[in-house]
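Student: Following is a predicted model, sequence given first.
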Amino acid sequence: MRHIVIALMLLMALAATAQTHYEGSISVGGKGGATFSRVNFNPTVQQTMSPGFTAGAMFRYIEEKNFGLIAELNLTQRGWKEQFDDADYNFSHRFTYLELPIMTHIFFGNNRIKGFFNLGPELNVMIGDGVSSNFDHQKAETLDYFVQNTRHIEQYRLDIENRFDYGICAGAGMELNLNTKQSLLLEGRFYYGLTDVFANHKTDVFSSSNSMTVMVTLGYFYKIK
């Protein structure tokens, strides 16, 4: 089912370039911003949104009046940050990905300001990960707090199972044209991963551990054609 969804999203993205009624335009640019992510564990792990950053390069091709195609290559931080309501502990596990979203770009408005929606599949490769903790998370079962409180601690010692991830992203925003060549974009985007980060076999603790990320970015496009 997941492969079917990805295939449909890719077809939607490619469909934007199938028509030739209007003269095409090509723009390139860059973007940067903040991410807020979590890992969808099952059984549940108490957590809050983990902050990070994203930055990368963008390519846009428009050949229809209101439709186009956007592809990006980004460096993005994801992960999770645990929530401890009754203890002065902190633990977070951050993943760094190279991500490639390919999205249908739907826009509307005038020559000065436009609104837009982006939707499509995304491929990701984890190139690094790191843990931040103020307690010995490798020996959490020996600490009084974890002995006295019922919460999962197995995730502290799990090895990464899948460094390749794919999923669906969708975003909306506004574009301000500075002149005929340059524009600024503000976008909010949501990513839902379809691959579990950790092993999910019947003998494993967690049956799911996929990523969910909210991104807020500011971008710049320069029209080269």
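Tutor: Structure's in. What do you need? Numbering: from 1, shown residues only.
Student: Report how many residues lie close to Thr203.
Tutor: For Thr203, the count of nearby residues is 5 (other CB atoms under 10 Å). Where C-beta positions appear, they are placed from N, C-alpha and C, glycine not excepted.
Student: Nearest the geometric middle of the protein, what residue?
Tutor: Tyr191 (4.3 Å; CA atoms, centre = their mean).
Student: For that one, which residues are in contact?
Tutor: Each residue near Tyr191 by CB atoms under 8 Å, 6 or more residues apart in numbering is listed here: Glu122, Gly167, Ile168, Cys169, Ser211, Met212, Thr213, Met215.
Student: which residues pair with it across the strands?
Tutor: Cys169, Thr213 (DSSP bridges).
Student: now do Ala34
Tutor: Assigned bridge partners for Ala34, using DSSP bridges, are Phe53, Val216.
Student: Could you number the chain from 334 rather than 1 from now on?
Tutor: Sure, I'll start numbering at 334, so the last one becomes Ala367.
Student: While we're on it, how confident is the model there?
Tutor: Looking at Ala367, its pLDDT is 98.
Student: Next, count neighbours for it.
Tutor: Neighbours of Ala367 using other CB under 10 Å come to 14.
Student: Met382 is in contact with that one, correct?
Tutor: No. The criterion here is CB atoms under 8 Å, and Ala367 misses it with Met382 at 10.5 Å.
Student: Run through this protein and note the low-pLDDT ranges.
Tutor: Low-confidence segments of the chain, defined by pLDDT under 70, span residues 334-355.
Student: could you point out the longest strand in it?
Tutor: With secondary structure taken from DSSP state E, the chain has its longest strand at strand 446-466.
Student: strand partners of that strand, parallel vs antiparallel please.
Tutor: Here, using DSSP bridges, strand 446-466 pairs with strand 424-442 (antiparallel), strand 497-510 (antiparallel).
Student: Need the winner for burial among those strands.
Tutor: strand 424-442 (a mean of 20; mean count of other CB atoms under 10 Å).
Student: got the contact list for Ala420?
Tutor: Tyr478.
Student: So it versus Met391, what's the distance?
Tutor: 43 Å (CB to CB, to the nearest Å).
Student: Tell me the one of the contacts of Tyr524 nearest Ile493?
Tutor: When these are compared for distance to Ile493 (CB to CB), Ser544 wins out at 12.1 Å.
Student: Quick check: that closest one touching Phe374?
Tutor: No. Using CB under 8 Å, Ser544 is not in contact with Phe374; the gap is 10.8 Å.
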